[in-house]
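Student: Provided below for reference: sequence and predicted model.
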Amino acid sequence: MICTFFGHRDAPDAIRPRLRETLADLIERQDVRQFYVGNQGNFDAMARSVLEELQTTHEIRYEVVLAYMPQKTDPIFKNIPTVLPEGIEAVPRRFAIERRNRWMIERSDIVVAYVTRSFGGAAKFRDIARKQKKTIIEIETHIK
C-alpha cells in the first residue's frame with residue numbers, strides 16, 4: 001500500500017496531531033509502508049516532518065516527489081530521499097506540479113487530504129484521486 005498527500009499550502013499547524021494520528025494508524029493497522037509527499041507549502045512540510053518522526057519507530061519509507069529539477073543550493077534535499085517523475089524535465093514549468101501530482105495519484109492507493117475550500121490544487125487533486133477510486137482520508141478542518 002502506498003499513500004500520498006494533498007493539502008493547502010497554508011494548512012495550520014493545529015492539524016499536526018490529527019495528521020500524525022492518521023499516519024500512525026495507516027502504518028500500524030493498514031500496513032502502509034511507502035509514502036509520496038510533495039514539497040510545496042505547509043501541509044507537505046508537516047507531512048514530511050511527521051513521516052520523519054514516525055520513521056524512527058516504524059519501518060516505513062517516504063520520498064519527496066519533485067516537480068522540478070533540483071538545484072544544488074536546495075537545502076531541503078540533503079539527506080531526504082527524492083524522486084523525479086520520468087519525463088518531467090520536458091514538461092513546461094507551469095504544468096510541472098500538475099504532472100507530478102498525477103504521477104503520485106497513479107502510484108498511490110490512499111490519499112491523505114487537508115482540503116477546506118472547493119478550489120485550488122489540493123481540492124482538484126483530491127477529487128481526481130476520488131474519481132480514480134482511491135481511498136481518501138480527510139484530515140478534519142476543526143480540531144477538537
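Tutor: Arrived safely, thanks for sending. Residues are numbered from 1 along each chain as shown.
Student: so in the protein, where's the weakest helix or strand by average pLDDT?
Tutor: strand 82-83 (a mean of 90; mean pLDDT, DSSP states H and E).
Student: tell me the strands beside that one, with direction?
Tutor: Counting by DSSP bridges, the strands paired with strand 82-83 are strand 61-65 (parallel).
Student: distance from the chain centre to the strand it pairs with, please.
Tutor: Offset of strand 61-65 from its chain centre (CA atoms, centre = their mean, to the nearest Å): 9 Å.
Student: just the CA atoms of that strand, as CSV, please.
Tutor: The C-alpha coordinates for strand 61-65 follow below in CSV (Å, rounded to 0.1, in the frame of the first residue of the first chain):
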residue,chain,number,x,y,z
ARG,A,61,9.9,4.8,3.5
TYR,A,62,9.0,8.2,2.2
GLU,A,63,10.1,10.1,-0.8
VAL,A,64,9.7,13.7,-1.7
VAL,A,65,8.4,13.8,-5.3
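Student: that older thread, ok, and what's touching the least confident helix or strand of the chain?
Tutor: For strand 82-83, contacts defined as CB atoms under 8 Å, 6 or more residues apart in numbering pick out 36, 63-66, 70. For glycine as for every other residue, the C-beta is placed from the backbone atoms N, C-alpha and C.
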